[in-house]
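S.K.: Give me the fold of what follows.
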Amino acid sequence: MKKIALITGASSGIGKEFANIHAESGGDLIIVARSEDKLFKLKKELETKYNIKVHVIQKDLTTTKAAQEVHQEVSNAGIKVDYLINNAGFGGLGKFNERELEQDISMIELNIIALTALTHYFFQDFTKINKGKILNVSSTASLMAGPFQAVYYATKAYVTSFSNAIAEELSGTDITVTNLMPGATESDFGKISGMDKTELFNKTASARQVAEQGYKGMLKGKLDVTAGLQFSQKIMFKLIPLLPKKILLKQVRKMQNI
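M.R.: Sure, this is the predicted structure:
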């Protein structure tokens, strides 16, 4: 029986790769993003290549009740979602006091509120049948504070904490929640946020590599999946709990300064 995955932020980057990977497995899709043109282009490609069904939902998830509207549309269409992949998110580089407040509020709306609301609505569906998988895309940024990306790092810390907490609440059930923490990844995210100009993005993983690791981790019901890290980065992240906070903050600031 085909599994149906709902993927947010599916028009590009890691989200688009999630869609490709799920389609390759023969699963049907619900793809959500703001760009309707990109979504319908992806729908045509995947349906033609893999003989699957792709349902498109054009939605700006930063708007009030957007998550509820997505869930309602899925319910009205009679579609039963098996996998929820909360991938949509964005960042932004700059000193907090110099950034536009509206940008950071929108970031919180998308990275935290939309993710939480979608998880809530589909969580209810999953609990009725005691089955389902949730994959929330966080970041290695969730493990520390981020000078010059104060709000972005904070939103991802929320995603990791939230995902891990509800995963434990669901222990003993057939519902799993996996938290994906990518490192610097080759995608539109770096260009849009301005991070592609920083030291942190000197070496990036491919979006495909990150999506594959996250998708496989979700299928296995893993709690956390760290993806796309270079060897030196893996060492650094193992040292994070041992480093004095002020030293860590200075190092992150140096890596993100432009």
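
S.K.: okay, CA-based contacts and neighbour counts for the rest of this
M.R.: Fine.

S.K.: In which helix or strand does Asn136 reside?
M.R.: Taking DSSP states H and E as the definition, Asn136 sits inside strand 132-137.

S.K.: Show me what that strand is packed against.
M.R.: Helices and strands touching strand 132-137, by 3 or more Cα pairs under 8 Å, 6 or more residues apart in numbering; DSSP states H and E, are strand 83-86, helix 115-129, helix 150-169, strand 175-182, helix 207-220.

S.K.: Run through the stretch 51-200 of the chain and note the low-pLDDT ranges.
M.R.: Within the stretch 51-200 of the chain, the stretches with pLDDT under 70 are 185, 187-200.

S.K.: Show me what counts as buried in the host helix or strand of Gln251.
M.R.: Assigned by DSSP H and E, Gln251 falls within helix 245-256. Burial within helix 245-256, assessed by neighbour count using 16 or more other Cα atoms under 10 Å, is assigned to 248-249, 252-253, 255-256.

S.K.: what do you get for stretch 38-53?
M.R.: 39-40, 42-43, 46, 52-53.

S.K.: Just flag the most distant two among these.
M.R.: Leu39 and Ile52 (14.9 Å; Cα to Cα).

S.K.: hang on, the earlier thing: turn the buried residues of helix 245-256 into a markdown table, including pLDDT and distance to Ile4.
M.R.: Output for the buried residues of helix 245-256, formatted as a markdown table (pLDDT from 0 to 100; distance: Cα to Cα, whole Å):
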| residue | pLDDT | distance to Ile4 |
| --- | --- | --- |
| Leu248 | 75 | 41 |
| Leu249 | 78 | 41 |
| Val252 | 79 | 39 |
| Arg253 | 84 | 41 |
| Met255 | 79 | 39 |
| Gln256 | 77 | 38 |
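
S.K.: and which of the residues you listed is nearest to Gly13?
M.R.: Gln256 (21.2 Å).
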